[in-house]
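Participant: Make a model of this:
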Amino acid sequence: MKRLLIPALLALLLPVVSACDSSEPDDHGAGEQEFITRLELRLTAGGRTVTAAAVDDDGDGTGLEIDELVLDAGTTYTGTVVVLDEINDEDVAAEIQEEADEHQFFFTPGGAAASRMSVVVTDRDANALPIGLAFTLTVSAGGGAQGTLNVALSHFDEEPKDGTSRSDETDIDVTFPVTIR
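Facilitator: The predicted structure follows:
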């Protein structure tokens, strides 16, 4: 009897174990985290474009090379976020746009220049909640200053996106050094 019971239990458990493969998307969310090797901010104002990138050549989330973001005081920039998986030659931003209701970028100014920077997300998902692939960045007038701009992409698999709170799952989290001149 015991010999028949063990194979029967294994037959019942096998579908449960194989259904937990994290490489496959589930029916309730966007699936696995995005694989990102490059996050780039492109800011345009007055015909001038400022670009800063965070590059992770192997995509393991360590050893990022992060550019400094140099901004002009008294300027409002129109910004876009470029997100790439350069190892697999994929435009991750396109995937984020397709799964917009399950992703949101959060922008957090920091340091001495924090009070001088304001970010407003300008793109929305089907539920009118922010995505963050498009934004404006306003730098108030004044003298030079140093600070940071944290850019984090939240992934909403288990919890619903509410447009204001980060999720427990983060696809990428980068802090750019900022110089206001």
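Participant: Now the element after the helix or strand harbouring F106, going C-ward?
Facilitator: Secondary structure from DSSP states H and E places F106 in strand 103-110. Per DSSP H and E, the first helix or strand lying C-terminal to strand 103-110 is strand 117-121.
Participant: what comes into contact with that next one?
Facilitator: If you take CB atoms under 8 Å, 6 or more residues apart in numbering as the criterion, strand 117-121 is touched by 71, 79, 105, 107, 109, 130-132, 134-140, 147, 149, 178, 180. Yep, even glycine has a C-beta here, placed from its N, CA and C like the rest.
Participant: Stretch 134-146 now?
Facilitator: Stretch 134-146 is contacted from outside by 43, 71-81, 105, 107, 111-113, 115-123, 149, 177-181, using CB under 8 Å, 6+ apart.
Participant: Buried only: go through the residues you listed for me.
Facilitator: 43, 71, 75, 77, 79-81, 105, 107, 111, 113, 116-117, 119, 121, 149, 177-178, 180 (16 or more other CB atoms under 10 Å).
Participant: what sits against the spatially most central residue of the chain?
Facilitator: Central residue check for the chain by CA atoms, centre = their mean: the C-alpha nearest the mean position is that of L153, 2.3 Å away. Contacts of L153 were listed using CB under 8 Å, 6+ apart, and they are 34, 36, 39, 83, 96, 103-106, 132, 170-173.
Participant: for stretch 95-111, which positions count as buried?
Facilitator: 95-96, 99-107, 109, 111.
Participant: Tell me where the chain has strands.
Facilitator: With DSSP state E as the criterion, the chain has strands at 38-45, 48-55, 65-66, 69-71, 75-85, 90-91, 103-110, 117-121, 134-139, 145-155, 169-180.
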